[in-house]
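Visitor: Okay, here's the prediction I keep looking at, along with the sequence it came from:
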Amino acid sequence: MKKILIIGSTGQIGSELSARLRSIYGVENVVCGYYAPPFPDGFFEAGPTVEIDALRIEQIADAVRKFQIDTIYNLAAILSATAEKKPQLGWDVGVGSLLNCLDVARDLKCALFTPSSIGAFGPNTPKDNTPQDTIQRPNTVYGITKVIGELVSDYYYDHWKVDTRSVRFPGIISSMTLPGGGTTDYAVEIFYKAVKGEIFECPIKAGTFMDMMYMPDALNAAIQLMEADPAKLIHRNSFNITAMSFDPEMLYHAIKQHYPDFQMVYKIDPLKQHIADSWPNKLDDSCAREEWGWKPNYDLERMTEDMVRKLKMKNKK
Ligand code: SER
């Protein structure tokens, strides 16, 4: 039976991954590492927790020893737009916390999952059907830390057989915890405005396509990859995955099917637009499909329907 530590368990992915992992492996076998508020409702009552600053290696090692952890999900992150504004923090969290996790994983014999991102690609990467193995010359702090993360994770596998695995997440759309400081955040924020009957000011230009994914698929990807037969993995760090690719207009029209009076205007954020312009339009995720059976369940219409339903319920509370 796995004993899992989630670092960054109160964030957008962690807050949902923790519940899913606990439903699979048992509440007591999933320890939620937390750093700073806000904490999700019922966080401390739901199962074991531990305070962890991912920049302090001894805190990670102590938690691994105390709870006899064998698998770490390292979700501590500073997203793309914030990392451009606070580069030192971007380097520290993007690279520093990963190196700490890798050293602990090597010394205390844990498997390690770390998210990479569509941000690991840059302006001279092929934009359409972006291959698994291609040019990676990102021009953002976030993207550079992701490329370093991919390379150093493969290095720890090659040299010390640390079981490192990773996916390049696209923008993740979810209803429980808001992302913050990401370029793809608009695709979450738009739903909150639609459900409240407010006008949405879109920071990204019409015609800017990016890969996206609904949270249930993102959770499946992380868990399925960590459960995959290692003999079948040709790649490790990191797999292209995607579920849909759209621009703001396509998302707006999908939401209008549910809220015909919903209005969107454009108020372009130059930093986010610059970042989005450097990222692919759509990834080719065939290696993930072949090597560990990746297959998403939600397309734009299904995701939109479910987001609207969940946020309506949340609004009523
Ligand atoms: N969602 C992230 C961001 O926009 C990309 O992985 O920064």
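Guide: Arrived safely, thanks for sending.
Visitor: Which strands or helices does the lowest-mean-pLDDT helix or strand in the chain pack on?
Guide: The least trusted helix or strand in the chain, going by mean pLDDT, DSSP states H and E, turns out to be helix 300-316, with a mean of 95. On a contact count with 3 or more CB pairs under 8 Å, 6 or more residues apart in numbering; DSSP states H and E, helix 300-316 meets helix 186-196, strand 210-214, strand 244-246, helix 248-256. C-beta here means a position set from N, CA and C on the backbone, and glycine is covered the same way.
Visitor: how far out from the middle of the chain is the last one?
Guide: When you say that, I think you mean helix 248-256. Mean C-alpha position of helix 248-256 versus that of the full chain (CA atoms, centre = their mean, to the nearest Å) differs by 23 Å.
Visitor: do the same with the second one
Guide: Averaged C-alpha coordinates place strand 210-214 at 10 Å from its chain's average position (CA atoms, centre = their mean).
Visitor: pLDDT value on the closest residue to I275 other than its chain neighbours, please?
Guide: Nearest non-adjacent residue to I275, counting by CB to CB, 6 or more residues apart in numbering: T183, 4.5 Å away. Looking at T183, its pLDDT reads 97.
Visitor: The one 4 residues further on too?
Guide: We have a pLDDT of 98 for A187.
Visitor: shouldn't it be in contact with G171?
Guide: Yes: contact criterion CB atoms under 8 Å: A187 and G171 qualify, at 5.5 Å.
Visitor: Quick check: neighbours shared by these two?
Guide: M212 (CB atoms under 8 Å, 6 or more residues apart in numbering).
Visitor: How about the contacts made by K193?
Guide: By CB under 8 Å, 6+ apart, the contact list for K193 reads 199-200, 262.
Visitor: Which pLDDT does the model give it?
Guide: At K193, the model reports a pLDDT of 97.
Visitor: Would you check how far apart it and F200 are?
Guide: Distance from K193 to F200, counting by CB to CB, to the nearest Å: 4 Å.
Visitor: show me where the stretch 101-250 of the chain has strands.
Guide: Applying DSSP state E, counting those that start in this stretch to the stretch 101-250 of the chain gives strands spanning 111-113, 116-117, 128-130, 164-165, 167-169, 171-173, 200-202, 210-214, 239-240, 244-246.
Visitor: Which among those is found nearest to the ligand?
Guide: Closest to the ligand of these is strand 116-117 (CB to the nearest ligand atom; 3.3 Å).
Visitor: Now look at the closest one and say if it contacts the ligand.
Guide: Yes: interface with the ligand: strand 116-117 contributes S117 (CB under 6 Å from any ligand atom).
Visitor: who touches both of K193 and F200?
Guide: Common neighbours of K193 and F200, using CB under 8 Å, 6+ apart, are F262.
Visitor: so what's L233 up against?
Guide: 165, 291-292.
Visitor: likewise G182?
Guide: Applying CB under 8 Å, 6+ apart, we find G182 in contact with 79-82, 171.
Visitor: among those, which two are most distant?
Guide: Spanning the widest gap among those are T82 and G171, at 14.8 Å by CB to CB.
Visitor: Pick out the residue of the stretch 151-300 of the chain closest to the ligand.
Guide: Closest point on the stretch 151-300 of the chain to the ligand, by CB to the nearest ligand atom, is G182, at 2.9 Å.
Visitor: Phi first, then psi, for that residue.
Guide: In terms of degrees, to the nearest 10, the main-chain angles of G182 are phi -100, psi 160.
Visitor: and if you look at Y73?
Guide: Note on Y73: its backbone torsions stand at phi -100, psi 110 [degrees, to the nearest 10].
Visitor: what sits up against stretch 123-138?
Guide: 119-122, 139, 144, 146-147, 150, 235, 239-240, 277-278, 280-287.
Visitor: Among those, which are located in helices?
Guide: 144, 146-147, 150, 277-278, 286-287 (DSSP state H).
Visitor: coming back round to it: count the neighbours of the residue nearest to I275 for me.
Guide: Neighbour count of T183, defined by other CB atoms under 10 Å: 31.
Visitor: Then Q132?
Guide: The local packing of Q132 (other CB under 10 Å) involves 18 other residues.
Visitor: most surrounded residue in the contacts of G182?
Guide: Counting neighbours by other CB under 10 Å, S80 comes out on top of those with 28 neighbours.
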